[in-house]
Every structure is written in C-alpha cells, then in structure tokens.
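**Student:** Sequence below, structure please.
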Amino acid sequence: MNTRILGALLTAGAAVSTVFLAPAAGAVTQYDPAMIDALAVELGTTPSQAAARLNQQERLSGKLAALQASGVATDGAYFNRDGALVVTTSSPDRVASVGLTPRSAVRGERALNRLSAQVERTIGADLTQVQSWGPDLERDQVVVTVEPGASDALVHRLSAVDGVVVSRGAARITPQADVVPGRIMDLVPGTNCSLGFTGTRNGAKVLLTAGHCVVGNPDILDANGTHIGKGAGTRFPSVDMGIMTIDPEDTPRAYVDTRMGTTVAIRGLSKAPVGTSICKAGNTTGWTCGKITHYNQSVRYSGESVTTTGLARATVCTEGGDSGGAYISGNTAQGMTSGGPVGVDCGYNQGANATGSYSFYQPVVDAANYYGVTLTTS
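**Tutor:** Coordinates of the predicted model:
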C-alpha cells in the first residue's frame with residue numbers, strides 16, 4: 001500500500017466557480033471550466049466541443065433513466081465513439097423511439113457478469129498470475145489481464161472459455177492510499193489519502209472514501225493538521241469502500257476541489273453509462289480526466305491475497321496518494337479512487353503525461369447504498 005492518501009474537507013467560504021453552456025436542445029447545463037478544458041485535452045477537441053459532448057451525454061443518460069423508469073428492460077448501455085448511447089434491450093423499437101441506439105443478439109450485461117464469475121472459478125489457485133478481470137460491454141466479452149509472466153497454460157485455459165479475451169499486463173497495480181472532496185486527508189499515524197464524498201447517516205455527518213484508506217479506523221486530519229474525523233468502517237479488500245465520521249464542529253461541503261482554484265458542485269450521484277466523460281480530483285495528480293470504460297471489475301492488487309470486486313475502470317490517470325479522491329461526471333458523483341498501475345507519471349492537472357493510462361474506482365452509488373448514506377448535494 002502506498003503511503004500517500006488523498007482527501008480533505010473544504011473549509012467555509014470556498015467559492016463554487018461554474019460556467020453555463022447552452023446545448024443545441026436549448027437546455028442550460030453548468031460545468032466547471034476546468035472540467036471542460038481538461039476534457040478537451042483528453043478528447044483532442046476544442047472546449048466548446050467538449051462541452052457539447054458533456055451536454056449530449058447528460059441528455060441521453062436522462063432519456064435512458066426515463067426509459068428504465070417506464071419499465072423498459074435494458075441489459076447494459078455504453079456511449080460509442082460517435083457519442084451515441086447504445087442500449088442492449090429486448091425492446092429495440094421503444095429504445096429507438098426516444099433517440100437511443102438499440103442493440104440485441106448479444107450476451108448483455110447480466111450474462112457477462114455470470115461469465116465473469118465463471119472466469120474466477122477457472123482462474124482458481126492461479127490468482128497470483130492475474131491482475132484483473134470483468135465485463136467489457138462494448139466488446140460483449142469478459143477481458144482478463146494477466147501478469148506479464150503468467151503461464152501459457154493459464155492463458156490457454158482462460159482463452160478456451162467462450163466469450164473471454166486474455167491480455168498480458170505491463171505493470172503491477174496497487175491501491176493508491178494517500179478528505180472538501182479531492183483534498184488531502186492525513187491519517188494518523190503517518191499516511192495520507194484523498195477525501196471522497198460527504199453525506200449524512202442517521203443524522204450524523206460522514207464521508208465516503210476508499211476502504212483501504214481507513215483500515216484500522218485512523219484519526220484523520222486536514223492539510224492544516226486539524227482533526228476532522230475518524231475512520232468508522234471498511235470492507236477492503238473484498239470491495240474498496242470505507243466510511244469516516246466528520247467531527248461535529250466541521251462543515252461538509254457539496255463540491256469537489258479541482259485543485260485548480262475552482263470547485264465543481266455535486267448535484268447527485270449515479271453510475272453513468274460506459275463511455276461517459278469523467279474527471280477526478282486527487283492530492284498527487286490533481287485534476288485528471290478520461291472516460292468510464294468498464295464496470296464490475298475484479299482486481300488482484302499486488303500484495304493482497306483477496307480479490308477486490310465491484311470496481312469501475314476509467315481512462316483517468318492516477319498515482320499513489322490519489323486514493324479515495326472524488327470522481328465526478330458533469331455535476332454527478334461517480335466514485336472514489338481505488339488503485340492503478342505502478343510507475344505511471346501523470347503530471348499534474350491533466351499534464352502532458354495524463355493520457356494513455358487507466359485507474360479503478362469504487363462506485364459511490366454502491367458505497368452509499370451499503371452504508372445508508374445520503375450524499376451532501378448543492
């Protein structure tokens with residue numbers, strides 16, 4: 001476990017900086033300028049084009065949510081390269097009627113999750129040779145990443161399973177432990193993480209973070225050395241969700257510190273479709289952006305004998321010390337940094353080296369549901 005941990009509570013008086021952009025549909029959406037600029041770098045587009053992509057994703061995600069609420073059965077969804085939201089469904093006409101792209105005659109998300117469980121059984125005693133595995137909705141396959149030195153016998157055994165693709169990883173992966181969301185959280189004794197999302201549970205003020213950041217229920221300090229809370233529970237390494245109490249005199253804030261002099265308001269939480277643009281705030285690498293690529297990923301972190309399950313994966317660059325930091329899409333909370341490959345140099349605030357990597361995060365929806373937390377929103 002890296003000794004750098006991300007996180008910190010925002011202090012009273014911090015300003016929320018937003019920009020308002022009108023999409024073609026005429027609705028007004030607000031995004032932080034830093035998010036738009038960083039996404040433009042990641043997408044290789046202009047800021048106005050990046051804003052348009054965010055508006056489109058928000059509009060189509062809303063249509064998907066309304067469709068599901070009306071009772072239409074769906075089995076996974078993702079944004080393709082053209083920005084269309086592709087939905088696996090047995091009711092293609094209903095999906096197409098609201099402007100989404102239907103897909104059928106594929107395995108779908110539920111079958112891929114069952115296949116992922118079969119992969120775990122196939123790996124068996126060879127877990128130390130495997131880095132991660134889980135569904136890839138767009139490819140409609142389960143992708144397994146093995147260690148560079150994994151045996152050919154294991155690769156052949158996994159490759160023989162219909163619907164499974166195997167690749168060799170290039171680096172070890174570790175949980176990146178190093179509390180306003182996105183600021184540093186110092187742990188006593190001697191390590192630090194990043195703060196995730198604040199909320200309430202049974203009337204008490206709490207914060208959701210990566211589980212490995214609060215193993216042992218440490219006391220937690222902010223960047224000024226002020227005591228702000230204490231670890232109150234963790235489920236790591238089976239999953240990577242944890243919770244801390246916030247001291248009564250401290251004030252939880254409903255925004256993410258981009259580490260660029262601005263903040264992003266938190267207006268809700270969700271599991272956005274695969275392909276959705278996303279950014280994270282972390283103490284080591286600041287504000288880095290990419291897109292969601294996978295859900296329900298199982299990861300064997302180096303040095304851990306238990307597999308961590310239920311993680312999401314994104315093309316967001318992280319380093320040790322970013323753990324627990326807040327992932328957000330638009331103004332919707334998505335998760336907290338769990339880990340990523342060792343030896344990556346992201347730069348800072350979407351620097352020149354921030355593209356081409358990946359990271360895993362704990363979806364905040366799952367953590368909030370498990371702990372019974374209502375997120376603080378603005």
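
**Student:** List the backbone torsions phi and psi for residue 83.
**Tutor:** Recorded main-chain torsions at residue 83 are phi 90, psi 0, according to degrees, to the nearest 10.

**Student:** can you pull the pLDDT of it?
**Tutor:** Note on residue 83: pLDDT of 92.

**Student:** could you list every residue that touches it?
**Tutor:** Residues in contact with residue 83 (C-beta atoms under 8 Å, 6 or more residues apart in numbering) are 53, 56-57. Every residue, glycine included, has its C-beta placed from N, CA and C.

**Student:** Out of these, list just those in helices.
**Tutor:** Counting by DSSP state H, the part of the contacts of residue 83 found in helices is 53, 56-57.

**Student:** Turn these into TSV, columns for pLDDT and distance to residue 224.
**Tutor:** Below are the ones in helices among the contacts of residue 83 laid out as TSV (pLDDT from 0 to 100; distance: C-beta to C-beta, whole Å):
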residue	pLDDT	distance to residue 224
53	91	38
56	94	41
57	93	37
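
**Student:** Export those as TSV, with columns for distance to residue 149.
**Tutor:** Shown next, in TSV, are the ones in helices among the contacts of residue 83 (distance: C-beta to C-beta, whole Å):
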residue	distance to residue 149
53	40
56	43
57	39
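
**Student:** any idea which of these is the one closest to residue 347?
**Tutor:** Nearest to residue 347, judged by C-beta to C-beta, of those is residue 53 at 22.8 Å.

**Student:** Could you verify my assumption that that closest one touches residue 43?
**Tutor:** Yes - contact criterion C-beta atoms under 8 Å: residue 53 and residue 43 qualify, at 6.7 Å.

**Student:** Surely residue 323 forms part of a strand?
**Tutor:** No - using DSSP: H, G, I helix; E, B strand; the rest coil, the secondary structure at residue 323 is coil, not a strand.

**Student:** how deep is residue 180 tucked in, by neighbour count?
**Tutor:** Counted by other C-beta atoms under 10 Å, the residues lying close to residue 180 total 22.

**Student:** Please tell me how far it sits from residue 328.
**Tutor:** Residue 180 is 12 Å from residue 328, where distance means C-beta to C-beta, to the nearest Å.

**Student:** okay, and the common contacts of those two?
**Tutor:** With C-beta under 8 Å, 6+ apart, residue 180 and residue 328 have common neighbours residue 256.

**Student:** Residue 53 and residue 43: which has the busier surroundings?
**Tutor:** residue 53 (21 against 16).

**Student:** Could you pull up the residues touching the more buried one?
**Tutor:** 39, 43, 45, 83, 277 are the contacts of residue 53 under C-beta under 8 Å, 6+ apart.

**Student:** In helices only, show me the residues you listed.
**Tutor:** Going by DSSP H, the helices hold 39, 43 from these.

**Student:** Going by distance to residue 145, which of the contacts of residue 53 wins?
**Tutor:** residue 277 (23.5 Å).

**Student:** beta partners for that closest one?
**Tutor:** Assessed by DSSP bridges, residue 277 has beta-bridge partners residue 291.

**Student:** Can you report how many residues neighbour it?
**Tutor:** 24.

**Student:** my read: it touches residue 39, true?
**Tutor:** Yes - look at residue 277 against residue 39 with C-beta under 8 Å: they come within range, at 5.2 Å.

**Student:** where do the contact lists of those two overlap?
**Tutor:** Contacts common to residue 277 and residue 39, judged by C-beta under 8 Å, 6+ apart, are 50, 53-54, 289.

**Student:** helix, strand or coil for the residue located most distally from the centre of the chain?
**Tutor:** Distance from the C-alpha centroid of the chain peaks at residue 153, with 33.0 Å (C-alpha atoms, centre = their mean). Three-state call for residue 153 (three-state DSSP): helix.

**Student:** hang on, the earlier thing: overlap of the contact sets of residue 53 and residue 43?
**Tutor:** Counting by C-beta under 8 Å, 6+ apart, the residues touching both residue 53 and residue 43 are residue 277.

**Student:** How many neighbouring residues does the closest residue to residue 309 other than its chain neighbours have?
**Tutor:** Excluding the flanking residues, the one nearest residue 309 by C-beta to C-beta, 6 or more residues apart in numbering is residue 298, at 4.8 Å. Each residue near residue 298 was counted by other C-beta under 10 Å, and the total is 22.
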